[in-house]
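Asker: Here is a sequence together with a model predicted from it:
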Amino acid sequence: MTRPMAPDQPLSLAPLLATVQHLVRHVEEESRQIQRFTAPDFTPFQFIPTGEVPTTHLLAFLLSARQTHGQGRLFQDLLIAQLRGLPQLGPRLPEGIEWAVAAEKSCGAAGRLDLLLTAPGYPGFGICIENKPRDQTGDQPGQLTRYHDYLRARHGEQFLLLYLSRIPRPPSVDSITPDLLKELADEGQYANITYQQFLLPLLDRWRRAAKPQHLRRFLRQFRHHLEQYLNLPSTKPASLMQNASIAAELQATPATVGAAFDIAAALPTLRHNLLTQLMQALAAPARGLEGRLHWAWGGFEEGTDGKPFLIRRVDDRLGPSPANWPWGRYAIAIEFLNGRLYCLLRYDVQHWCPADLSEHHCTHEESLPLATILGTELEVEEDWWLWWAEALPESAPGSRDENLRAVCVAIADPASQLLSNLLAHIEWLARGLDAFCGSQQSNQNHFPTA
């Protein structure tokens with residue numbers, strides 16, 4: 001434990017950081033020993049596709065009373081019990097019945113409902129759950145209005161429309177009007193439930209109530225998977241133990257508490273400096289390459305991880321105009337997705353240069369010669385990302401914050417393979433683009449006039 005200090009005594013960060021580093025290494029070593037005998041972090045979810053649709057189908061499986069989990073109505077009864085605890089909803093929901101459950105239910109003009117639970121009989125009671133786990137995922141125009149119209153036509157007043165989001169947020173105004181949304185909420189026919197405050201606690205209730213041990217283990221892994229996927233606070237034992245140990249050390253004196261907040265405030269600047277250092281090393285002018293942040297594209301998750309860093313061939317003899325860029329719409333990009341760092345072959349369908357208003361999609365026929373030169377398949381259907389590779393493929397997947405930490409540590413570590421991995425990809429892609437674009441200069445789709 002850090003020794004007490006006078007409040008006005010300056011604190012040296014070096015000993016404090018050394019102590020924290022020692023604690024982290026100690027916890028990591030304990031975790032490795034635990035892993036050898038119990039493998040608590042082993043999970044099938046690392047092999048299961050991540051996203052809205054797989055999550056929806058897994059929830060439907062658990063909620064279905066006649067599925068192979070063997071728990072009958074248990075999970076849907078606990079869902080209804082938790083919903084009945086919400087204001088305005090409780091008295092309206094029927095109890096003690098078996099609900100029919102459907103995922104991705106096609107409902108004609110209303111479209112596909114993510115989850116639909118219907119009570120027996122006609123019209124019965126209907127519960128629609130719209131699953132929106134990612135903050136940046138918007139609604140389709142009129143989407144919730146169509147769902148409301150379908151539920152009212154099918155169930156009269158006996159329906160509930162639930163908007164399941166990562167954290168509290170309303171649907172978009174072009175999906176359903178604020179006035180209609182308020183009217184439904186006042187009548188107990190609409191509620192915004194969240195993964196953090198509703199679904200994760202529900203998974204805990206399911207886990208405690210389930211009989212088979214392997215099913216309880218699966219539900220715990222499902223919770224950890226959602227925490228990682230949605231960048232929510234982790235409840236993995238190793239994470240909790242490490243956080244508790246560090247917090248106890250930082251709480252030792254007023255000076256260490258203040259230092260902890262100072263360190264946290266400096267982390268964005270540290271990350272920016274490390275990424276700038278990396279980008280400067282990747283786009284050295286000596287190699288005839290120029291690097292810059294993308295001028296239009298904000299990056300995934302509305303720029304949470306920063307703009308893509310584009311690397312292009314430059315030729316001073318041709319002048320600075322984008323019309324003279326040898327690779328046209330193509331570029332090598334360094335880009336983040338969920339905190340993981342990727343090197344990719346990028347094709348800008350739009351905004352290929354400042355002030356560009358044109359649009360052109362890459363086709364199989366146009367990209368086939370480049371694929372042949374590179375000796376690999378290109379994902380033309382992805383448009384913007386024709387090929388990609390992780391900068392740290394050996395690192396274990398984690399939450400966005402855990403992934404970013406791994407990248408930043410690798411940048412600061414001279415022994416890391418991150419820089420050499422990226423340089424190898426860049427040099428390979430640059431040679432391929434030079435060969436391909438040198439024979440394609442007459443193609444005005446890829447090389448439009450700026």
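Answerer: Yep, that arrived. Owing to the predicted nature of the structure, the values given are computational and were not obtained by experimental measurement.
Asker: what about residue 15, distance to residue 259?
Answerer: 10 Å (C-beta to C-beta, to the nearest Å). Every residue, glycine included, has its C-beta placed from N, CA and C.
Asker: more neighbours, the two?
Answerer: Taking other C-beta atoms under 10 Å, residue 15 and residue 259 do not tie; residue 259 has more neighbours (18 against 10).
Asker: What helix or strand is the more buried one located in?
Answerer: Per DSSP states H and E, residue 259 falls inside helix 254-282.
Asker: in the next helix or strand after that helix, what's buried?
Answerer: Using DSSP H and E, the helix or strand that follows helix 254-282 in sequence is strand 289-293. Buried residues in strand 289-293, counted by 16 or more other C-beta atoms under 10 Å: 289, 291.
Asker: Residues contacting strand 289-293, please?
Answerer: 279-280, 282-283, 306-314, 426, 430 (C-beta atoms under 8 Å, 6 or more residues apart in numbering).
Asker: Now the phi/psi pair for residue 247, please.
Answerer: phi -60, psi -40 (degrees, to the nearest 10).
Asker: Give the burial count for it, as a bare number.
Answerer: 11.
Asker: can you list the domains in the chain?
Answerer: Per automatic domain parsing, the domain ranges recorded for the chain read 14-40+236-252, 52-229, 263-438.
Asker: Nearest to residue 46, out of those domains?
Answerer: Of all the domains of the chain, it is domain 263-438 that lies closest to residue 46, at 6.5 Å by C-beta to C-beta.
Asker: now the strands: where do they sit in the stretch 151-300 of the chain?
Answerer: Counting by DSSP state E, counting those that start in this stretch, the stretch 151-300 of the chain has strands at residues 159-165, 190-194, 289-293.
Asker: Can I get those strands in TSV including mean pLDDT and distance to residue 405?
Answerer: Below are the strands of the stretch 151-300 of the chain laid out as TSV (pLDDT from 0 to 100; distance: least, C-beta to C-beta, whole Å):
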stretch	mean pLDDT	distance to residue 405
strand 159-165	95	26
strand 190-194	95	25
strand 289-293	81	22
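Asker: May I see those arranged in CSV, with distance to residue 389 as well?
Answerer: Supplementary listing: the strands of the stretch 151-300 of the chain in CSV, determined by distance: least, C-beta to C-beta, whole Å:
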stretch, distance to residue 389
strand 159-165, 32
strand 190-194, 35
strand 289-293, 18
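Asker: Who are the contact partners of the residue nearest to residue 184 when sequence neighbours are not counted?
Answerer: Closest residue in space to residue 184, ignoring its immediate chain neighbours: residue 190 at 3.6 Å, by C-beta to C-beta, 6 or more residues apart in numbering. By C-beta under 8 Å, 6+ apart, the contact set of residue 190 is 160-163, 181, 184.
Asker: Just give me the closest of the residues you listed to residue 249.
Answerer: So of those, ranked by how close each gets to residue 249 (C-beta to C-beta), first place is residue 163, at 41.2 Å.
Asker: my guess is the closest one contacts residue 191, does it?
Answerer: Yes: counting by C-beta atoms under 8 Å, residue 163 does reach residue 191; the two are 7.4 Å apart.
Asker: Do a quick rundown of the helices in the chain.
Answerer: 13-38, 52-63, 74-84, 143-155, 178-186, 200-209, 213-229, 237-250, 254-282, 300-303, 364-374, 400-412, 418-438 (DSSP state H).
Asker: Confirm for me that residue 132 is in contact with residue 162.
Answerer: No: the pair residue 132 / residue 162 is not scored as a contact, 10.6 Å apart, by C-beta under 8 Å.
Asker: what about the stretch 301-450 of the chain, any weak spots by pLDDT?
Answerer: 301-306, 316-324, 381-383, 395-397, 439-450 (pLDDT under 70).
Asker: contacting residues for residue 151?
Answerer: 126, 128, 159, 161 are the contacts of residue 151 under C-beta under 8 Å, 6+ apart.
Asker: Chain neighbours aside, what residue packs nearest to the residue nearest the centre of the chain?
Answerer: Centroid-nearest residue in the chain: residue 338, 4.6 Å away (criterion: C-alpha atoms, centre = their mean). Excluding the flanking residues, the one nearest residue 338 by C-beta to C-beta, 6+ apart is residue 400, at 5.1 Å.
Asker: That'll do, ta.
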